[in-house]
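Enquirer: Sequence first, predicted model second:
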Amino acid sequence: MEKPTIFFSHSSADKNYINHLKNIVLKRTSKTVEVFQSSDGESIPFGNNWIHKIEENLKKSKIMLVFVSPKSIQSGWIYFEAGYAYSKDIKVIPVGIEGIDIGLLKPPLNLLQGFNISNTEGLNNIIAILNREFNTEFDYNFQADDYESLPSADSTEAAEIKTLEIIDKVIIEFPPRIADKNGESSTISEHPAILIKETLGSLSFKYSTAPGKDYEVHSHGLSSKSLGEHNALGLRLEIDPYCLEHYKDIFNISRNRIYSRTDLGRGWCRVTLNENSRIITDKTRLSSLLFNAGLEKLDNTDMYEFDGWGITTDLKPKDSYSSIIKKDTIRLTFPIGEFSSKKLISIIQLLLSAKAITQVE
């Protein structure tokens, strides 16, 4: 008699977490239930046709659990599997892991009833689903130790720290003249160093300026420097990645207070990587990698959209004020007032998982 099958749909980046979860579920059910996990190396033996095996096991499955994590939320793959399963009348249940709250997801997954694994109760929800769908009578006896045994190496906090290690600096540039989205020129109406000092003061952060150089501001993990004599080329602000959250108000300074036009609703920054990291700048290769990661280009630009932010890696310096940046960089834009260090880190993690950022020896 064939075992009842439950399908675990997830990102390969969450393999360790899901593999451990699969094992504790199999142990709790005495292996009387089949759990199909495409990335475990066992559900699909090497040499078999990967897509064919997934389709075959979807046909056998009565239930699909779609695991949504910070790594998989932007992946098109879980949406593809979920959509295919739903079209085959397989019960699709989204499950939030690694801090994701299913209740905050966007359509289509938020239209399906799901749950979060944030404690022991979340694990017991899996047993409840098995009992309901397969008419089994497994005990609801997962303990705190079971939940705490889920891999912590891929936890949000650990992943953020690992990501920060590959970032060298985050740079905000204030050139003397910029063009808005309509191509109309806008000039600096008030020197940004003044606003930077005002913002630091409002945050009760101590700062200093170089003698005779009021435009050069220094604080903990932050420095600004005038570009060109008498600020002729603008100003560059450098922030250490470990201080991003402390200085989020700096990123959210309204450009409308700095430049003459009043329709500059977006902020921008550059992320420079450490010497052991490289960013893909070839447009064809990059578009392939990011498309497979679930990102699409914004219209008529070389930027890709991530939850309201714009991303581009085509950063060959075209201006004298940016030509001094020698390291590999990523340019980000964001709505004014919505800068978040966690969002920036999520973008770098996405580029890493998509292999748009690579590590070299």
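Expert: On my side now, so go ahead. Numbering: from 1, shown residues only.
Enquirer: Could you use CA atoms for every contact and neighbour count after this?
Expert: OK.
Enquirer: At which residues are the helices of the stretch 101-250 of the chain located?
Expert: 120-134, 144-148, 156-164, 192-202, 248-251 (DSSP state H, counting those that start in this stretch).
Enquirer: Need the winner for burial among those.
Expert: Counting by mean count of other CA atoms under 10 Å, helix 248-251 has the highest mean neighbour count of those, with a mean of 20.
Enquirer: and the next element down the chain from that one?
Expert: strand 266-273 (DSSP states H and E).
Enquirer: Parallel or antiparallel, list what pairs with that following strand.
Expert: Strands flanking strand 266-273 in the sheet, each with its direction: strand 167-174 (antiparallel), strand 329-335 (antiparallel) (DSSP bridges).
Enquirer: Ala210 is nearest to which of the ones you listed?
Expert: Closest approach to Ala210 among the strands paired with strand 266-273 is made by strand 167-174 (19.2 Å; CA to CA).
Enquirer: pLDDT of that closest one, averaged?
Expert: For strand 167-174, mean pLDDT is 88.
Enquirer: For Ala85, find the nearest of the strands paired with strand 266-273.
Expert: strand 329-335 (35.2 Å).
Enquirer: what comes into contact with the closest one?
Expert: Residues outside strand 329-335 that contact it (CA atoms under 8 Å, 6 or more residues apart in numbering): 265-273, 279, 308-315.
Enquirer: Any of these buried? List them.
Expert: By neighbour count, with 16 or more other CA atoms under 10 Å, the contacts of strand 329-335 hold 266-273, 279, 309-314 as buried.
Enquirer: List the residues that contact the residue lying closest to Tyr304 once chain neighbours are set aside.
Expert: In space, and not counting its chain neighbours, Tyr304 is closest to Lys297: 4.3 Å by CA to CA, 6 or more residues apart in numbering. Lys297 is in contact with 303-305, counting by CA under 8 Å, 6+ apart.
Enquirer: Spell out, range by range, the strands that occur in the stretch 1-150 of the chain.
Expert: Using DSSP state E, counting those that start in this stretch, the strands of the stretch 1-150 of the chain run over 5-9, 34-37, 61-68, 91-96, 115-116.
Enquirer: Throw these into CSV and include distance to Ile161, thanks.
Expert: CSV is the format used below for the strands of the stretch 1-150 of the chain (distance: least, CA to CA, whole Å):
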stretch, distance to Ile161
strand 5-9, 27
strand 34-37, 28
strand 61-68, 21
strand 91-96, 22
strand 115-116, 24
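Enquirer: Looking at these, which is nearest to Phe339?
Expert: strand 61-68 (23.4 Å).
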